[in-house]
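*Asks:* compute the structure for the input listed below.
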Amino acid sequence: MSSPVKLQPEISTLDCATMTFGERIYVARMSELREMAALMRKAGVKPELECFELGHIETAKKLVSEGTIEGAPLFQLCLSTGNGAPALPIVLQAMRELLPKGAIWGGFGCGEDEMPIFAQTVTMGGHVRVGLEDNIYLRRGVLASKAGLVENAVGIVERMGGRASCDQSGLYPQSRM
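*Replies:* Have a look, this model is predicted:
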């Protein structure tokens, strides 16, 4: 946790998930989540509450209701990571429905699910991102670059009748219909 405290980015991930990743198990104890959130708050860093399953949203909502997370909570709905919720329209809808009132949210899918979930998230009013950490292909057999993924994402938003805005990293965290 020293990196977000030391570097003080605007946003840092707070994984609200106890789950397996291959042969490893990531454990998110409530006491540790509270401590990490408190350190982030003290450093002026907004937690991005990453949720990989429906139950993770409930964990994050508990942090919000306790006042551990200040301001409008920022949720990231993480689909098709291989160990969490699948990238299905009904799953994204269910996860969004569980978010607390006033929450800011985004969603992403990994691999071949990146762009379909991207489009669904835009349609549902969420924020989106693309990146090589989630998908290394632009399309089947064609390796992606960050610029290529961003261009593809912008094209999707524009073809859907929306507009995209870019942050400093070149990613598109906000897209609106």
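*Asks:* got the contact list for L54?
*Replies:* For L54, the contacting residues are 85, 94-95, 98, by Cβ atoms under 8 Å, 6 or more residues apart in numbering. Yep, even glycine has a C-beta here, placed from its N, CA and C like the rest.
*Asks:* who's in contact with D134?
*Replies:* The neighbours of D134, taking Cβ under 8 Å, 6+ apart as the test, are 108-111, 114.
*Asks:* state the pLDDT value of it.
*Replies:* D134 carries a pLDDT value of 88.
*Asks:* which residues in the protein form helices?
*Replies:* Per DSSP state H, the chain carries helices over the ranges 2-7, 30-43, 54-65, 89-98, 114-123, 146-159.
*Asks:* deepest of the ones you listed, which one?
*Replies:* Neighbour counts (mean count of other Cβ atoms under 10 Å) averaged over each of the helices of the chain peak at helix 114-123, with a mean of 22.
*Asks:* so how far is that helix from its chain's centroid?
*Replies:* The chain centroid and the centroid of helix 114-123 are separated by 12 Å under Cα atoms, centre = their mean, to the nearest Å.
*Asks:* cool, and stretch 112-123?
*Replies:* 12 Å.
*Asks:* mind listing residues that contact it?
*Replies:* Contacts of stretch 112-123 (Cβ under 8 Å, 6+ apart): 77, 79-80, 87, 89, 92, 106-109, 127-128, 130, 134-135, 137, 149, 152-153, 156-157, 160, 162, 175-177.
*Asks:* gap between the nearest residue to G111 once chain neighbours are set aside and E10?
*Replies:* Using Cβ to Cβ, 6 or more residues apart in numbering and skipping residues adjacent in sequence, the residue nearest G111 is N135, 5.5 Å away. Using Cβ to Cβ, to the nearest Å, one obtains 24 Å as the distance from N135 to E10.
*Asks:* what about those two, which has more around it?
*Replies:* The neighbour count for N135 versus E10, taken as other Cβ atoms under 10 Å, is higher for N135 (20 against 10).
*Asks:* wait, what's in contact with that one?
*Replies:* 110-112, 114, 144, 149.
*Asks:* swap in 10 Å and give it another go.
*Replies:* By Cβ atoms under 10 Å, 6 or more residues apart in numbering, the contact set of N135 is 80, 108-115, 118, 144, 149.
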